[in-house]
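In: 3D model of this:
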Amino acid sequence: MEREHKVICDYGMGDYYKHYISTHKKIDKVTFNNIVTDFHTELRELIILENVGYTMPGVNFELVLKKEKRKPKIKDGKILNNIPVDWQATKALWNRDEEAKEKKLLVRYNNSHTSGYVFRIYFKKFGAKIKNRSVYKFQVNRDFKRQISKYIKDPDMSIDAFLLYKNHI
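Out: Have a look, this model is predicted:
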C-alpha cells in the first residue's frame, strides 16, 4: 500500500527546472536533478552534524536543529504531556492488553540516550521582513527525520544542537 503524503505542493522539481532553463543556461534535466539532490543532501548533513543554520535567500527564514527538554506539566488539574509517543510500543501494548486499548493508554519515549531532550528542525521566521510571514510553514520530509533519528541513536556521532529557550518560540 502506498503511503499518503501530507504535504501537497503547488510547485515541484519540474517547475523549478523549467524556470531555471528559461532564465539561465541550458542543462539537461538529469544533471539539474543531481545538482539539487546533492545540494539538499549536503545541506541536511551540515544542519544535523555541524549545527549550521541555513538562511533561505530572499525571505530570511532560517532552518536550525534545536533541542528542548520536555516533561509533563499540570495545568488546571489536568496532566499535559508533550513527550513524543512511541507508537510501536503503544500498539504492542494494545495488542496484549485490551483494557489499555479501551483507555487509550499511550507509551511515551523516555529519551534516556539524549538525557530527555527532543530534537527537531526549527523554522525561524520572526527575523524575516516580509508580509504575512505567519502563513508560511516548513515541514521536514521523511528522509530528513529518519537521518536525524539515526544520528541521535548512533553513539559514535556527536550531535549537539542549540537549546531551544522559551523566549524564542
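In: what does the one helix or strand residue 99 maps to contact?
Out: For residue 99, the host element (DSSP states H and E) is helix 98-102. Applying C-beta atoms under 8 Å, 6 or more residues apart in numbering, the contact partners of helix 98-102 are 93-94. C-beta: built from backbone N, CA, C; applies to glycine.
In: Could you do stretch 130-146 as well?
Out: Identification of contacts with stretch 130-146 by C-beta under 8 Å, 6+ apart yields 6-7, 44, 59-61, 63, 121, 123, 125-126.
In: Can you tell me which of those residues has the lowest confidence score?
Out: Lowest pLDDT of the contacts of stretch 130-146: residue 7, 64.
In: Any buried residues in the helix of greatest length in the chain, and which?
Out: The helix that spans the most residues within the chain, counting by DSSP state H, is helix 29-49. Within helix 29-49, the residues scored as buried using 16 or more other C-beta atoms under 10 Å are 32, 44, 47-48.
In: closest to residue 81 among those residues?
Out: Minimum separation from residue 81 among the buried residues of helix 29-49 (C-beta to C-beta) is found for residue 48, which lies at 26.9 Å.
In: what's the spacing between that closest one and residue 23?
Out: Distance, residue 48 to residue 23, using C-beta to C-beta, to the nearest Å: 32 Å.
In: Isn't residue 79 up against residue 71?
Out: No: Residue 79 lies out of contact with residue 71 (C-beta atoms under 8 Å); the separation is 11.0 Å.
In: got a list of contacts for stretch 29-37?
Out: Applying C-beta under 8 Å, 6+ apart, the external contacts of stretch 29-37 come out as 13, 16-17, 20-21.
In: list the buried ones in the helix holding residue 99?
Out: Neighbour counts over helix 98-102 (16+ other C-beta under 10 Å) mark no residue as buried.
In: what helices or strands is the helix or strand following that helix leaning on?
Out: Once the chain leaves helix 98-102, the next helix or strand it forms, by DSSP H and E, is strand 117-124. Strand 117-124 is packed against strand 62-69, helix 142-153, with contacts defined by 3 or more C-beta pairs under 8 Å, 6 or more residues apart in numbering; DSSP states H and E.
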